[in-house]
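Chemist: Could you work out the structure for the sequence below:
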Amino acid sequence: MIDLDWAAWIGFVGTACIIGAYAYLTSTEKPNSFILHGTNLAGAALLTVSLLVHTNWPSLVLEGFWAAIALWGLAKAVRGRKQAR
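Modeler: Numbers count the residues shown, from 1 in each chain. This next block holds a predicted model:
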């Protein structure tokens with residue numbers, strides 16, 4: 001059995017968030033941007049915590065970009081909601 005520490009478990013939860021968001025995007029005809037980008041942002045944040053403990057620089061940079069794109073998507077969703085009102 002593999003002995004995983006708390007940081008690895010947090011990383012697995014982050015991975016599940018990102019995979020879940022991608023599955024949601026793929027399976028839904030009109031995905032809710034807040035769910036999609038919010039889940040991606042949560043996943044990137046959790047993976048970043050894990051990567052700060054078990055440093056892998058390329059993956060850490062990837063998560064930074066993943067989080068930035070998720071924030072951009074959330075900002076677009078907020079602007080779109082305001083324009084719809």
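Chemist: CA atoms for contacts and neighbours, from now on please.
Modeler: OK.
Chemist: Report the mean per-residue pLDDT for the longest helix that the chain contains.
Modeler: When the chain is parsed with DSSP state H, its longest helix is helix 57-84. Mean per-residue pLDDT for helix 57-84: 95.
Chemist: Remind me what it packs against, helices and strands.
Modeler: With contacts defined as 3 or more Cα pairs under 8 Å, 6 or more residues apart in numbering; DSSP states H and E, helix 57-84 has these neighbours: helix 33-53.
Chemist: tell me which residues of the helix it packs on are tucked away?
Modeler: 33-34, 36-51 (16 or more other Cα atoms under 10 Å).
Chemist: between it and helix 57-84, how big is the angle?
Modeler: Interaxial angle, helix 33-53 versus helix 57-84 (axes from the mean of the first three to the mean of the last three Cα atoms, to 10 degrees): 160 degrees.
Chemist: So which elements touch helix 33-53?
Modeler: Helix 33-53 sits against helix 6-27, helix 57-84, with contacts defined as 3+ Cα pairs under 8 Å, 6+ apart.
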